[in-house]
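*Asks:* Take a look and give me a structure for this.
(2 chains, ligands or ions: 3)
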Amino acid sequence: MENNLSNNYSHIKGWGIDADPENEPTYPMKHYTGDDHRRLDWERPPQQLENIEVLHSSERPTVSAVFGAPHPPSGLSGAIRRQAFKYSESSFGHWLPLLLADRINVVEGFVDDLRRGHIPNIFIESGWKAAWKHNRKGVITRMVVGTVLAVGIVAAILAKKRDK
Amino acid sequence: MLAMNYRGPRRIRVDHKPYPEILHPGDAIVRVIRTCICGSDLHLYHGMVPDTRVGTTFGHEFIGIVEEIGSSVQNLKKGDQVLVPFNIACGKCAFCKQELYGNCHESNPEATAVGGIFGYSHTAGGYDGGQAEYVRVPYADIGPTVIPDDMDPDDAVLLTDVVPTGYQAAEMGGIKPGDTVVVFGAGPIGIMAAKCAWLFGAGRVIIIDHLEYRLEFARHYAQCEAYNFRSLEDPVLFLKRETGWLGADVCIDAVGADAAGSALHTITGKKLMLQAGSAIALHWAINSVKKGGILSIVGVYGPTGNLVPIGNVVNKGLTVRANQASVKRLLPRLIKHVQDGYIDPKGLITHRIPLEEIADAYHIFSSKLDNCIKTVLIPPSARN
Ligand SMILES: NC(=O)c1ccc[n+]([C@@H]2O[C@H](COP(=O)([O-])OP(=O)(O)OC[C@H]3O[C@@H](n4cnc5c(N)ncnc54)[C@H](O)[C@@H]3O)[C@@H](O)[C@H]2O)c1
Ligand SMILES: [Zn+2]
Ligand SMILES: [Zn+2]
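*Replies:* Residues are numbered from 1 along each chain as shown, chains lettered A, B, ... in the order given. Ligands and ions are numbered 1, 2, ... in the order given. Here you go, the predicted structure:
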């Protein structure tokens, strides 16, 4: 039956070359070594020097042997992150504060830019040059909608004031 | 050196950053010559991945030249041209020994549910990534693979993620000769999964998306059927009808948390973040596969949880297989497939953009402008 099938697909280069009757999804797709029961007891790689603050998941006893180092927690976002890491990865108390910290970190980043005398060019950073080139209609629609909304809000406020 | 610098959702730029240092005897420093933007980067770019710190450099798909090695590195030397799998793997832990290189336990202190990934937030280890001129590569003896002399760098860079992920998506489907395989998502990953489904003997391959230009691309590149879910009233019903009313043998989710197509999911997942992104493609995949069928998930979702019809998974007796691709495990076979002409990775590349124009490059890829399928960024030092 397989031979018949392959005739139907002669136009597709390589059809069926990796068909593998042994690849049964009920069989785990790993190279089973038989020592799962040894848990964390493997010969660990040498430990990277922990000379910066590294937050580690409460679901592991120590940091991993290597880790990324350039961005330790800092400021208000860092304080929130430290709190978040008191909760396990299974808890919303871990992830939701981290998302909040990410948003606060954006403001911190902005302030940091200003402190270094750099005024971030939000247009360039958000790729408006490309938008203008490839999606001019979208950009104009957005600007028009934005302007109409802004004018509308201002008009509404002015009208309210006049009523008083 | 120049490196991408994340400033907040949808705001990035290129800045001068310090040259990376060797921090561990197993490290190498690699000078990047090609690096791509991936659909996974979009989850970061859209601010959906928790613990994405301002100032980080993204990028997990890159190739380059070894500049420096740590004291214990033996398999690489200065000057080697290497392709670097996106997963950071120690080669020693129980998971690496089982060839689950995407699930290493010694590369990510911040989370146990995922191994370390270059440039993929602190939830994946806090590493700076390859969208830069230089990058620190830990466990350099394990992941990096010397690029064969006859291989085009544009093919090599797609072997760091897209090809293995698409291939593993099909492999996890346990495809049997003649099976009907439905792939959700016609991005680089979905297109590659559709292409690879044939290699496992699929009898029919269908891809679903809503971007006409991508569907058209997929029809040619992966020689498959392609349908636009916006023009189908109900994609699940359509697929049932198309498959003799039983459903597909295998469904592959190659969309992940940025899925479009459901206002409920967009509002709760992408706007309010009450769930880890939108899971509508996964929802459709669960409901379109036959009873006893197989669901293969490579689309990426956040760690908090998603609304999916899990009851149907139980009642239909589905087998679910999912993972971050185990790039190193698959590389030998896939390098051969590329050399033998079964897979044409660079055929996916539609955009080549200087690293300095990264903000525009992300905008184009994120908003799917200019018929973009896959973007390669080229640092200045690799351009002349
Ligand atoms: N598991 C892994 O190892 C791994 C590796 C790389 C990428 N990924 C993930 O794979 C996914 C795809 O990556 P990509 O680079 O192809 O991204 P992409 O953004 O280029 O492609 C995603 C495609 O899905 C389409 N889409 C949106 N909603 C859909 C829906 N409801 N049904 C069908 N299609 C829909 C989009 O239009 C787009 O074409 C991402 O989630 C990415 O994070 C996983
Ligand atoms: Zn990727
Ligand atoms: Zn490991």
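
*Asks:* Setting aside sequence neighbours, what's the nearest residue to the residue in chain B positioned nearest to chain A?
*Replies:* Nearest to chain A in chain B, going by CB to the nearest CB, is B:His363, at a distance of 2.7 Å. For glycine as for every other residue, the C-beta is placed from the backbone atoms N, C-alpha and C. Closest residue to B:His363 apart from its sequence neighbours, by CB to CB, 6 or more residues apart in numbering or on different chains: A:Gly127 at 2.7 Å.

*Asks:* How about the contacts made by the residue of chain B closest to chain A?
*Replies:* B:His363 makes contacts with A:Ser126, A:Gly127, A:Trp128, A:Ala130, A:Ala131, B:Arg10, B:Leu369, as judged by CB atoms under 8 Å, 6 or more residues apart in numbering or on different chains.

*Asks:* who in chain B is up against ligand 3?
*Replies:* B:Cys90, B:Cys93, B:Cys96, B:Cys104, B:Glu106 (CB under 5 Å from the ion).

*Asks:* Quick one: buried ones out of the residues you listed?
*Replies:* Applying 16 or more other CB atoms under 10 Å in any protein chain shown to the residues of chain B next to ligand 3, the neighbour count classes B:Cys90, B:Cys93, B:Cys96, B:Cys104, B:Glu106 as buried.

*Asks:* What parts of the stretch 101-250 of chain B come near ligand 1?
*Replies:* Within the stretch 101-250 of chain B, the positions near ligand 1 by CB under 6 Å from any ligand atom are B:161, B:165, B:184-190, B:208-211, B:214, B:229.

*Asks:* and B:Arg383, how many neighbours does it have?
*Replies:* By the criterion of other CB atoms under 10 Å in any protein chain shown, B:Arg383 has 10 neighbours.

*Asks:* Now the worst-scoring helix or strand of chain B on mean pLDDT - C-alpha only, PDB.
*Replies:* When the helices and strands of chain B are scored by mean pLDDT, DSSP states H and E, helix B:94-97 comes last with a mean of 92. This file holds the C-alpha atoms of helix B:94-97, laid out as PDB (Å, rounded to 0.1, in the frame of the first residue of the first chain):
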ATOM      1  CA  ALA B  94      19.000  14.400  32.700                       C
ATOM      2  CA  PHE B  95      17.000  16.200  30.000                       C
ATOM      3  CA  CYS B  96      20.000  16.900  27.700                       C
ATOM      4  CA  LYS B  97      21.000  13.300  28.000                       C
END
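
*Asks:* For the longest helix seen in chain A, the averaged confidence score.
*Replies:* Longest helix of chain A, by residue count under DSSP state H: helix A:136-163. Across helix A:136-163, pLDDT averages out at 90.

*Asks:* Off-centre distance for that helix?
*Replies:* Per CA atoms, centre = their mean, to the nearest Å, the displacement of helix A:136-163 from the mean C-alpha position of its chain is 33 Å.

*Asks:* just checking, what packs against it?
*Replies:* helix A:128-134 (3 or more CB pairs under 8 Å, 6 or more residues apart in numbering or on different chains; DSSP states H and E).

*Asks:* how about a cut-off of 6 Å?
*Replies:* Helix A:136-163 is packed against no helix or strand, with contacts defined by 3 or more CB pairs under 6 Å, 6 or more residues apart in numbering or on different chains; DSSP states H and E.

*Asks:* chain center to stretch A:104-112, what's the gap?
*Replies:* 18 Å.

*Asks:* same question but for stretch B:25-32, I mixed them up
*Replies:* 22 Å.

*Asks:* do stretch A:63-77 as well
*Replies:* The answer for stretch A:63-77 is 16 Å, by CA atoms, centre = their mean.

*Asks:* I'd like to check what contacts it. Which residues are they?
*Replies:* Outside stretch A:63-77, the residues that touch it by CB atoms under 6 Å, 6 or more residues apart in numbering or on different chains are A:44-45, A:47-48, A:52-54, A:56, A:81, A:101, A:104-105, A:108, B:23-24, B:53, B:55-56, B:106-109, B:125-128, B:138.

*Asks:* quick revisit: and of the residues of chain B next to ligand 3, the nearest to B:Gly347?
*Replies:* B:Cys104 (31.1 Å; CB to CB).

*Asks:* Tell me if I'm right that the closest one and B:Gly115 touch.
*Replies:* Yes - with contact defined as CB atoms under 6 Å, B:Cys104 counts as touching B:Gly115 (3.9 Å).

*Asks:* Show me where chain A has its strands.
*Replies:* Secondary structure of chain A by DSSP state E: no strands are present.

*Asks:* Give me the residue ranges of it where confidence is low.
*Replies:* Along chain A, the model assigns pLDDT under 70 to residues A:1-3, A:24-30.

*Asks:* Quick check: the residue of it nearest chain B.
*Replies:* A:Gly127 (2.7 Å).

*Asks:* What confidence value was assigned to the closest residue in space to A:Gly109 that isn't next to it in sequence?
*Replies:* Excluding its sequence neighbours, the residue lying closest to A:Gly109 (CB to CB, 6+ apart) is B:Val54, at 3.6 Å. Model confidence at B:Val54, expressed as pLDDT, equals 98.

*Asks:* name the element B:Val54 belongs to?
*Replies:* For B:Val54, there is no enclosing helix or strand under DSSP states H and E.

*Asks:* give the contact list for it.
*Replies:* A:Asn105, A:Val106, A:Gly109.

*Asks:* How about B:Cys251?
*Replies:* Per CB under 6 Å, 6+ apart, neighbours of B:Cys251: B:Val182, B:Ala285, B:Ser288, B:Val289, B:Leu295.

*Asks:* how about a cut-off of 10 Å?
*Replies:* By CB atoms under 10 Å, 6 or more residues apart in numbering or on different chains, B:Cys251 lies in contact with B:173, B:180-184, B:206, B:208, B:239, B:281-282, B:284-290, B:293-297, B:318.

*Asks:* What is the neighbour count of B:Pro303?
*Replies:* B:Pro303: 17 neighbours (other CB under 10 Å).
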